[in-house]
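Q: Structure for the following, please:
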Amino acid sequence: MWQNILWIALIALAAAFVWFAVLLRIFKKLHPMPFLPLAAPILDGPQRRLFQPPDRVVERSRIRPGMDVLEVGPGNGAVTVPLARRVGPGGTVVCLDLQEAMLVKLRARLARPRNADVVNVETVCANAEKMPLGDASFDAVLLVEVLGEVPDKAAALRECLRVLRPGGLLAVTEMIIDPDWSRPSTIERRCVAAGFRLLGRTGRFWDYTMVFVRPEDD
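A: Residues are numbered from 1 along each chain as shown. This next block holds a predicted model:
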C-alpha cells in the first residue's frame, strides 16, 4: 500500500514538473528575458557536467589558440574560464552581458585563486541587439543557451555578423532543458537569414552546438 502511494506521489511530482516546464517555456517564448542573476548557481548544476561540460562546449565551438572571441550572455562564467584558457595569452575573450549583476558574478569567478592564470578576459555591459563593439573585431562569437533570451534575435544575429571578421565563426549551443531551447532547424533558419553559412552541427538533437561562418566575401 505505502509503495503504491509513493509511486503515485512520484508520478504526480513528475507530472507537475513537466507542466511547470511547459508553462515556463510558453511564458518565456511570449516574453523573452535574460537569465536572473539570483538563479546563477543553476548554471553550475549537474546538468552542466552531465550534458554540456564547458570544455566540450569550447571544443564543439571550434575555438583555437590565439583567437579573439566574443561571448554573448556569459552568465556567471561557467564557459568563460575554459574558453579563455583555450585561446591562451595570444587571444582575448570579451564577455558581453545585459546585466551588470551577472558580470559581477563572472568577475568574482575570475578572481578565484585557481583562475589566477586567466588574465585575458574583458567584460562589457550592453545589449546584444546593439553592441558597442567595432566592426570585424572578432574571430568567433559564442552564444551558449542565450539566443532564446534575446527579444530581437534577428538584430542580435546581425550584430554578431557585423563584429565578426570575414571567415569568423558563430557557435550556437542549446540544451533542451533550457526553457529557451530552440530546435536546430530554427537556429539554422535564423542564422542563415542573418547572413551566416552553416559549417556543421555536433551533439544530439536535445544537446547540440551549431557552427556558422561569416562568408569571406562579405
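Q: Now do the same contact list for the most centrally placed residue in the chain.
A: The centre of the chain sits closest to residue 144, judged by Cα atoms, centre = their mean, with a distance of 1.3 Å. For residue 144, the contact set (Cβ atoms under 8 Å, 6 or more residues apart in numbering) comprises 52, 57, 71, 73, 74, 75, 79, 173. C-betas here are computed from N, CA, C, even on glycine.
Q: Show me what it bridges to in the sheet.
A: Taking DSSP bridges as the rule, residue 144 bridges to residue 173.
Q: separation between it and residue 183?
A: 17 Å (Cβ to Cβ, to the nearest Å).
Q: With residue 200 instead?
A: 17 Å.
Q: Residue 98 too?
A: Relative to residue 183, and taking Cβ to Cβ, residue 98 is found at 25 Å.
Q: Out of the contacts of residue 144, list just those in helices.
A: residue 57 (DSSP state H).
Q: Nearest to residue 128 among the contacts of residue 144?
A: residue 73 (6.9 Å; Cβ to Cβ).
Q: The closest one reaches residue 146, doesn't it?
A: Yes: if you go by Cβ atoms under 8 Å, residue 73 and residue 146 touch, sitting 3.3 Å apart.
Q: joint contacts of these two?
A: residue 128.
Q: Helix, strand, or coil at residue 201?
A: Secondary structure, DSSP: H, G, I helix; E, B strand; the rest coil: residue 201 is strand.
Q: So what's the residue count around it?
A: Here the count is done by other Cβ atoms under 10 Å, and residue 201 has 16 residues near it.
Q: from what I can see it touches residue 208, true?
A: Yes: using Cβ under 8 Å, residue 201 makes contact with residue 208 at a distance of 5.7 Å.
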